[in-house]
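1. below are the sequence and a predicted model; questions follow.
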Amino acid sequence: MRKVRFVEPIKVYRMIKEELDSAYFDVMSKGELIDRSHLRSFEENLANYVGTKYAVGLNSGYDALHMSLRAAGIGSGDEVIVPAHTFVATCSAVVIVNATPVLVDVAKDFNIDVDKIEAAVTPRTKAIIAVHLSGYMADMPRIMRIAEKHDLVVIEDACQSLGSNIDGKMAGSIGLTGCWSFYPFKILGGYGDGGAITTNDPEVAIFARRMRFNGEDRETGEYHGHGFTCLLDNLQAAFLDVKLRHLPAWIERRKAIAEMYRQGLSDLPDLLLPHYDKPGFDHVYQNYTLRANQGDEFSEYLKKNGIEVLTQFRKPYYRHEALKLVDRGFPETEAISREVCSLPMNVEISVEEIEYVIQTTRAFYGR
Ligand SMILES: Cc1ncc(COP(=O)(O)O)c(C=O)c1O
């Protein structure tokens, strides 16, 4: 049976082998491992790409999130608004700084429902984490207006949306920080865990630079607080720097694949495809996440026919008892959890594979 993988890192390696190998040999031959020139170079290129003054390389997207909250002085007694539909790390970062996450339902585009934010604001609310899911940004202009009205910090969880923008304003350049994940299967993925913060605030950049290195100012040796060991490895930065050069072309490829899916599937009434018509909002398709009325029956059919799909998340994170979160009723998140299905979306997929996914999907609906 034909097999279509969700991602195929070996194919990407073959595509840019020479560049990756040369980055590897450069790091190895110089013996530069921690906090060295490749990290500096990647941070500069990332900041330029996102359009911020600073980028600080960290161990993961999760580190970027909790470091941002700490930099904003958020802690015990504070509330932070987070979407009910996101990767659990968005919420865990709030809990780990001893603040209280207040969950808000999402809208049809999988991002926080801006109309429901103000009802969740209390005198203890200090911040909103705006998550840009799957490559499509939350409505930042409206979120920033609400934040200004209530004097709230906005942190962008842009882990899934590098390169996305609203009217040219890049994800990760609008809030206090943009938080990035370079987990291998992200739109810019490393060869292990990785992350970063982008920001225009020099204090936040200095805070993160120190705290990622156990609180130490590397020039003076002074400890400025109890910190963490969570800086992006120099070797990962060298690989990411190579891949960042390809990102604009790879985003175009993702958009072309999304267009093929749209043309092949948009007449099927039981599917809700991820194409929206908000003017100025770009979609970079980190994921091609659709909703199918038939839920598991649909995703299992694709799997049985050799197509790897993701169904994140069949169980919303707030329903996991050990997390002790408050379920205030999130109807859209509940519906998404039953219907969600992400089709293979990556730069290494072939046209024949995309056509096979389309044909198999149509066959499920007898078309
Ligand atoms: C929306 C979102 N937030 C946070 C994270 C956490 O990133 P990481 O896995 O690098 O810690 C991820 C990625 O896994 C994510 O998709």
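-> Thanks, I have the structure now.

2. what about residue 27, neighbour count?
-> By the criterion of other C-beta atoms under 10 Å, residue 27 has 21 neighbours. (Glycine included, C-beta is placed from N, CA and C.)

3. touching, it and residue 235? I think so.
-> Yes - the pair residue 27 and residue 235 passes the contact test of C-beta atoms under 8 Å, sitting 5.0 Å apart.

4. which residues are common contacts for these two?
-> Common neighbours of residue 27 and residue 235, using C-beta atoms under 8 Å, 6 or more residues apart in numbering, are 33, 38.

5. what sits up against the helix or strand containing residue 359?
-> Under the criterion of DSSP states H and E, residue 359 resides in helix 351-364. Helix 351-364 is contacted by residues 2, 4, 257, 260-261, 264-265, 268, 271, 294, 298, 301-302, 305, 307, 343-344 when judged by C-beta under 8 Å, 6+ apart.

6. is stretch 124-135 in proximity to the ligand?
-> Yes - with C-beta under 6 Å from any ligand atom as the criterion, the ligand is reached by stretch 124-135 at residue 131.

7. got the buried residues for that stretch?
-> The neighbour-count check on stretch 124-135 (16 or more other C-beta atoms under 10 Å) flags 125, 126, 127, 128, 129, 130, 131, 132, 133, 134, 135 as buried.

8. isn't the fourth one right next to residue 157, touching?
-> No - at 10.3 Å, residue 128 does not count as touching residue 157 under the criterion of C-beta under 8 Å.

9. let me see the contact set for the residue in the chain that the ligand sits nearest to.
-> Among residues of the chain, the one nearest the ligand by C-beta to the nearest ligand atom turns out to be residue 61. It sits 2.4 Å away. Neighbour list for residue 61: 89, 157, 159, 179, 180, 181, 182, 183, 195 [criterion: C-beta under 8 Å, 6+ apart].

10. so how far is the stretch of helix or strand residue 90 belongs to off the chain centroid?
-> If you go by DSSP H and E, residue 90 is part of helix 88-96. The chain centroid and the centroid of helix 88-96 are separated by 14 Å under C-alpha atoms, centre = their mean, to the nearest Å.

11. helices or strands next to it in the packing?
-> The helices and strands touching helix 88-96, judged by 3 or more C-beta pairs under 8 Å, 6 or more residues apart in numbering; DSSP states H and E, are helix 61-71, strand 79-83, strand 100-104, strand 125-131.

12. sorry, back to before: restrict the contacts of residue 61 to contacts with the ligand.
-> The subset of the contacts of residue 61 within reach of the ligand, by C-beta under 6 Å from any ligand atom, is 89, 157, 159, 181, 183, 195.

13. the third one: how many residues sit nearby?
-> By other C-beta under 10 Å, the residues close to residue 159 number 30.

14. same check on the second one?
-> Residues near residue 157, counting by other C-beta under 10 Å, number 31.

15. again with the first one
-> Taking other C-beta under 10 Å as the criterion, the count of residues near residue 89 is 21.

16. nearest residue to it other than its sequence neighbours?
-> residue 62 (4.4 Å; C-beta to C-beta, 6 or more residues apart in numbering).

17. quick one: the one you found from residue 182, how far?
-> 12 Å (C-beta to C-beta, to the nearest Å).

18. now for the two: what residues contact both?
-> When contacts are counted by C-beta under 8 Å, 6+ apart, residue 62 and residue 182 are jointly contacted by residue 195.

19. so for these two, which sits in the more crowded spot?
-> Between residue 62 and residue 182, residue 182 has the larger neighbour count (other C-beta under 10 Å), namely 31 against 23.

20. quick one: the more buried one from residue 80, how far?
-> Using C-beta to C-beta, residue 182 is found at 24 Å from residue 80.

21. next one, pLDDT for residue 2 please.
-> At residue 2, the pLDDT value in this model is 84.

22. surely it is in contact with residue 306?
-> Yes - taking contacts as C-beta under 8 Å, residue 2 lies within contact range of residue 306: 5.0 Å.

23. hmm, back to that, so which of the contacts of residue 61 are in helices?
-> residue 89 (DSSP state H).

24. what parts of this structure come near the ligand?
-> So far as C-beta under 6 Å from any ligand atom goes, the chain lies against the ligand at 60-62, 86-87, 89-90, 131, 157, 159-160, 181, 183, 193, 195.

25. can you do 5 Å?
-> Applying C-beta under 5 Å from any ligand atom, we find that the chain lies next to the ligand at 60, 61, 62, 87, 89, 90, 157, 159, 160, 181, 183, 195.

26. for residue 277, state which of these is nearest.
-> residue 160 (20.7 Å; C-beta to C-beta).

27. what sits closest to that closest one if chain neighbours are left out?
-> Distances taken as C-beta to C-beta, 6+ apart put residue 286 closest to residue 160, at 4.5 Å, once the chain neighbours are dropped.
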